[in-house]
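Asks: give the three-dimensional model of this entry:
(chains A and B)
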2 protein chains.
Amino acid sequence: MKKLISYSISPNGEKFEIPDTKKTDDEIARIKEICDRQRKSGKEIVVVQGLGFVGAVTAAVIADCKVGEIIPYFVIGVNLPSKRSFWKIPLINNGKSPFNVEDPELQEIFSRTVNEKNNFIATWTSEAYSEADIILVDINLDAIKPDIGKAETGYVDISNFKKAIHDIGKRIQPHSLLLIESTVPPGTTEYIVRPIIEQCFIDRGIEITEYSLLLAHSYERVMPGPDYVKSIKAFWRTYSGCNKIAANKTQKFLSDIIDTKKYPLWELPRPLASELAKVMENSYRAMNIAFIHEWTLFAEDININLFEVIDSIRVRKGTHDNMMYPGFGVGGYCLTKDTILAQWASKQLFDRDERLKFSIEAINVNDLMPLHTFDLLLKGMKNTLSGKKIAILGASYRNDVDDTRSSPTIALYDYIQEAGGTSEIHDPYATSMDKRPDVKISSDLFQVITGASAVVFVIKHKQYIDLPLSVLIDRIDKDACIIDAFNVLSDKKIQDLKKRQFIVLGVGKGHIIDN
Amino acid sequence: MKKLISYSISPNGEKFEIPDTKKTDDEIARIKEICDRQRKSGKEIVVVQGLGFVGAVTAAVIADCKVGEIIPYFVIGVNLPSKRSFWKIPLINNGKSPFNVEDPELQEIFSRTVNEKNNFIATWTSEAYSEADIILVDINLDAIKPDIGKAETGYVDISNFKKAIHDIGKRIQPHSLLLIESTVPPGTTEYIVRPIIEQCFIDRGIEITEYSLLLAHSYERVMPGPDYVKSIKAFWRTYSGCNKIAANKTQKFLSDIIDTKKYPLWELPRPLASELAKVMENSYRAMNIAFIHEWTLFAEDININLFEVIDSIRVRKGTHDNMMYPGFGVGGYCLTKDTILAQWASKQLFDRDERLKFSIEAINVNDLMPLHTFDLLLKGMKNTLSGKKIAILGASYRNDVDDTRSSPTIALYDYIQEAGGTSEIHDPYATSMDKRPDVKISSDLFQVITGASAVVFVIKHKQYIDLPLSVLIDRIDKDACIIDAFNVLSDKKIQDLKKRQFIVLGVGKGHIIDN
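Replies: Purely as a prediction, here's the structure:
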């Protein structure tokens, strides 16, 4: 019988064989050997679980860390050997960043820590946990929204997270620090993680003392973008331990990694408070976006350019200078779901039902934002999309990164398809749409815009800001409609397009519609 | 037949006779004579209509203005001779501030401009408008909320405002500037004020040109409090004219009054945009408060002190440092109603119905905030308020001012009375409750707390922060309950009270409840 081989394919099309049992046995031996060696050289072993947008770069930053002349930590990044993400492991082990983001530090830190310093490896085997002095949990905890626009029906699928914690609990050394960095429903560290580890310790015959169950929570504020790497090292950190020993150990570890001179650490009394801070912080941002969206609709009604109104308000430093601008939609893993984590905790961990309705409504407003851009498109195209080619410029939810997690582009894509149009998506960074393998992303801008009846700018990638109008004009239909959903085009460009009889509409740009 | 004399009584109990026709005729002659004289000395006449919290102090600031060696403006403040507010006129004419606010500049600027500089008078006669080179409209535009918690049923009573504009239109000189400073439904200057003035000009046979209808809008950001006077002179100003001439004239006037070196003026293209900016700015603040309130309830559920969580988040300058803190409620004329002005405009001036629901919901969340403090009180008193004396400390909605407009104190007062308790309200500044003459406010703190079964701190007046615990303990019931609804008491004070077996509960202070 022929052996079945599975492959994992990277966004750039590199194909990697998913390891079998034999290879895993070899890998375990290799990890043990490396760790023994590294420990002898005086380093502590840090295992980072989850090599997503947070975990991968966090691992590299820890591996890069130097305290005086000492390199305190050797780092192992662990990721499941799934088809969807195994490719990250060989990529990292080749000294390459698994993500494509406009941060010059990003590629450098991977090649430096892996190839030059030999201080960072990635692996798929859970056995790495048994080698760890410190384990960081950086896996995503998914919130499921069964109906878009009804976030109140959202819930958390905690099963994978629990399984991962159980995997750790079976292997973690009694005195190692388990530091949860994932954004979790408030209460997770104390009421979900702790009982699992305790049970594992009981099963393993490990005595539970204040030295043998070192649990803590500290949330990251990683921002994929030009300061991706810096956003880990040089930014504010809040942490909290389940007991004083765990808190102290976390404080020491974070002090090594983070520029605490500029950004002193902030300790909260319980992981519950730190977990609350994270989801509240992100819910605040989501709320501010939702607020702007409904004022955007009002401003368009009354034909006012909301951008200059907001600029006039933002002069009020300290109270109004964080006001957002009109835009296309909200993506990523934080702002689209964190309030749901809190509401789920409220129901499941604290037995309360009626909380956070207002913040949940903000999620709904935001999730439905792309519908407004679609409405502008319908208006610009006089309600006939059928058979028309529509170019969507931008697949990721943030400028100059390849991150397509929960990208609002997908909503617009679906609306257009449902209306009988043909959407083509371009992106200079992203090559695939998270969780939507059916959706193609092209890196060929000219091909995507050629013959388009409409072009929709949905994100402010550098390439779109710099795009000369002539390139657009030469390729799109003579009576094409251009929708600027993210303030990509200057007022000057918009006026030039309108002079040439193109229809131009922009989110929040009321004044342009009538001129 | 005996002549009927009406009186207007100041908050301090001073009684003033409301003038009759004869007195008004004398007053008109007096105004004319004064204006003639002031004009001869080279000054322009500025008439400020409405001597409320904004108008009175604005008038004083303009009267105080000096450009180089020149005093450019003589100021007349106009207020209706109503029972409710006529008293402000004789008070100002005696060089006294009509308001009691902890700003040392406040009393000074009234006595200086009225008594020393002789550059500011107050009057009740509309004939003053005919003398004006510049008219500032600073009257309040009321939004009516028929049901608390249902701001969506709110509406604007525009009739008094229209009447006031009509009064001006009948008298204003053709080339004078009419500057609307009131917060108004977006569109008011262009779609309500302008047609009224135009009709008045037609009736008066005045030709309408771009020089004869000089309308503008510029909103203030006055903040009653320690920087009350400064908040007019030294703060950001946005303005917009209906045409370029009006805009230029406004720009020149504001440049004389405001410290534009530090706070450059911001011009928007239309009054509609400036009016939108104002209500949006205040709606943003209201939204941020509503956000915090629902997270306060959640934090109390899970027994977390939200104050320290918020402090840990606020380190994020520029994005999260304007996060509010838990509190008792929202008062004043801005945050409680401005979104209603916008929604009213959307319906009445722009024929749209479904806008700004989310921001309107924020008003509802805020209007119901005092109910939570009442719930804490019920909890602390084991649901028995009947026959008990409850001391409410604070009548105004802001610390260290006497402003009771839309104060949330009144909601708590009513809840307690309805539950059979007896509320007594103390305030060191306010002496009467706006629009609720039935509610008494005492300035005798000792009397209010003596024998109280509960004390509720609802605002952070200096006197309450400084109150020694012994003063409280000696006077309240031995098993009294203390509710801190506005973070007035330090953690130390709360612990001390608890040690003495008092029940202490605090809004947003989850950790204290269980300890």
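Asks: helix or strand with the lowest mean pLDDT in chain A?
Replies: Least confident helix or strand, chain A: helix A:510-514 with a mean of 56, by mean pLDDT, DSSP states H and E.
Asks: give me the distance between residue A:374 and residue B:125.
Replies: Distance, residue A:374 to residue B:125, by CB to CB, to the nearest Å: 58 Å. Bear in mind the C-beta positions are built from the backbone N, C-alpha and C, glycine included.
Asks: swap that for residue A:87, please
Replies: Distance from residue A:87 to residue B:125, by CB to CB: 83 Å.
Asks: more neighbours: those two, which one.
Replies: Ranked by neighbour count (other CB atoms under 10 Å in any protein chain shown), residue A:87 and residue B:125 place residue A:87 first, with 22 against 18.
Asks: identify the residues contacting the more buried one.
Replies: A:8-10, A:14, A:16, A:98 (CB atoms under 8 Å, 6 or more residues apart in numbering or on different chains).
Asks: is it fair to say residue A:441 lies in a strand?
Replies: Yes - secondary structure of residue A:441, determined by DSSP: H, G, I helix; E, B strand; the rest coil: located in a strand.
Asks: that one contacts residue A:424, doesn't it?
Replies: No - in this structure, residue A:441 is not within contact of residue A:424 by CB atoms under 8 Å, at 9.1 Å.
Asks: so those two - more neighbours on which side?
Replies: More neighbours surround residue A:441 than the other of residue A:441 and residue A:424, with 24 against 21 (other CB under 10 Å).
Asks: if the more buried one is in a bridge, with which residues?
Replies: Taking DSSP bridges as the rule, residue A:441 bridges to residue A:425.
Asks: now do it, the pLDDT please.
Replies: pLDDT, residue A:441: 97.
Asks: residue contacts, it?
Replies: Contacts for residue A:441 (CB under 8 Å, 6+ apart) come out as A:395, A:404, A:425-427, A:430-433.
Asks: quick one: the strands in the stretch 1-150 of chain A?
Replies: When assigned using DSSP state E, counting those that start in this stretch, the strands of the stretch 1-150 of chain A occupy the ranges A:7-9, A:15-17, A:44-49, A:73-78, A:120-123, A:134-137, A:143-144.
Asks: give me the residues contacting the third one.
Replies: By that I understand strand A:44-49. Under CB under 8 Å, 6+ apart, the answer for strand A:44-49 is A:35, A:38-39, A:55, A:58-59, A:62, A:72-78, A:128-129, A:131-139, A:164, A:168.
Asks: tell me the buried residues within these.
Replies: Taking 16 or more other CB atoms under 10 Å in any protein chain shown as the criterion, what is buried in the contacts of strand A:44-49 is A:35, A:38, A:55, A:58-59, A:62, A:72-78, A:128-129, A:131-139, A:164, A:168.
Asks: count the neighbours of residue A:220 for me.
Replies: 20.
Asks: measure it to chain B for me?
Replies: 13 Å (CB to the nearest CB, to the nearest Å).
Asks: wait, that residue sits on residue A:179?
Replies: No - in this structure, residue A:220 is not within contact of residue A:179 by CB under 8 Å, at 10.7 Å.
Asks: quick one on the thing from earlier: so which of the contacts of residue A:441 belong to helices?
Replies: Among the contacts of residue A:441, none falls in helices (DSSP state H).
Asks: going through the residues you listed, which ones are buried?
Replies: Taking 16+ other CB under 10 Å as the criterion, what is buried in these is A:395, A:404, A:425-427, A:430-433.
Asks: tell me the one among the residues you listed nearest to chain B.
Replies: residue A:404 (23.3 Å; CB to the nearest CB).
Asks: can you pull the contacts of the closest one?
Replies: Applying CB under 8 Å, 6+ apart, the residues near residue A:404 are A:331, A:395-397, A:427, A:430, A:432-434, A:441.
Asks: please apply the same query to residue A:344.
Replies: Residue A:344 touches A:143, A:154-156, A:185, counting by CB under 8 Å, 6+ apart.
Asks: name the member of the residues you listed with the most neighbours.
Replies: residue A:185 (27 neighbours).
Asks: circling back to that earlier point, from the contacts of residue A:344, which two are the most distant?
Replies: Greatest spacing in those, by CB to CB: A:154 and A:185 (11.6 Å).
Asks: domain boundaries for chain A, per the record?
Replies: Under the assignment automatic domain parsing, the domains of chain A span A:7-235, A:287-514.
Asks: want to throw these into JSON lines with distance to residue B:265?
Replies: Formatted as JSON lines, those follow (distance: least, CB to CB, whole Å):
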{"stretch": "domain A:7-235", "distance to residue B:265": "34"}
{"stretch": "domain A:287-514", "distance to residue B:265": "10"}
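Asks: what's the closest of those domains to residue B:445?
Replies: domain A:287-514 (31.8 Å).
Asks: and that closest one, how far from the chain's centre?
Replies: Counting by CA atoms, centre = their mean, to the nearest Å, domain A:287-514 is centred 18 Å from the centre of its parent chain.
Asks: then stretch A:37-56?
Replies: Chain-centre distance of stretch A:37-56: 21 Å, with CA atoms, centre = their mean.
Asks: OK, now which residue of the stretch 1-150 of chain A is nearest to chain B?
Replies: Closest point on the stretch 1-150 of chain A to chain B, by CB to the nearest CB, is residue A:149, at 13.1 Å.
Asks: so that residue sits right up against residue A:368, yeah?
Replies: Yes - between residue A:149 and residue A:368 there is a contact at 5.1 Å, judged by CB under 8 Å.
Asks: low pLDDT regions in chain A?
Replies: Scanning chain A for pLDDT under 70 picks out A:1-3, A:511-515.
Asks: in it, where's the longest helix?
Replies: Across chain A, the helix with the greatest residue count (assigned by DSSP H) is helix A:271-301.
Asks: would you mark the buried spots in it?
Replies: So for helix A:271-301, counting by 16+ other CB under 10 Å, buried means A:271-300.
Asks: restrict those to contacts with chain B.
Replies: Residues of the buried residues of helix A:271-301 in contact with chain B (CB under 8 Å from any CB of the partner chain): A:272-274, A:276-277, A:280-281, A:283-285, A:287-288, A:290-291, A:294-295, A:297-299.
Asks: so what's residue A:314 up against?
Replies: Counting by CB under 8 Å, 6+ apart, residue A:314 has contacts A:320-321, A:323.
Asks: next one: residue A:121
Replies: Listed by CB under 8 Å, 6+ apart, the contact set of residue A:121 reads A:31, A:34, A:75-77, A:92-93, A:114.
Asks: how does it look with 7 Å?
Replies: A:34, A:76, A:93 (CB atoms under 7 Å, 6 or more residues apart in numbering or on different chains).
Asks: how near is it to residue A:474?
Replies: For residue A:121, the distance to residue A:474 equals 50 Å [CB to CB].
Asks: okay, now residue A:450: neighbour count?
Replies: By other CB under 10 Å, neighbour count at residue A:450 equals 15.
Asks: check the one 3 residues further on too.
Replies: Applying the criterion other CB under 10 Å, we find 20 residues in the vicinity of residue A:453.
Asks: before we move on, back to that, now distance to chain B too, for the contacts of residue A:121, in CSV please.
Replies: Formatted as CSV, the contacts of residue A:121 follow (distance: CB to the nearest CB, whole Å):
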residue, distance to chain B
A:34, 37
A:76, 30
A:93, 35
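Asks: any idea what residue A:78 is bridged to?
Replies: Judged by DSSP bridges, the bridge partners of residue A:78 are residue A:49, residue A:123.
Asks: next, the buried residues of stretch A:308-315.
Replies: Across stretch A:308-315, burial judged by 16+ other CB under 10 Å covers A:308-314.
Asks: can you pull out the helices in the stretch 301-450 of chain A?
Replies: For the stretch 301-450 of chain A, applying DSSP state H, counting those that start in this stretch gives helices covering A:306-314, A:338-348, A:357-367, A:369-380, A:409-418, A:445-449.
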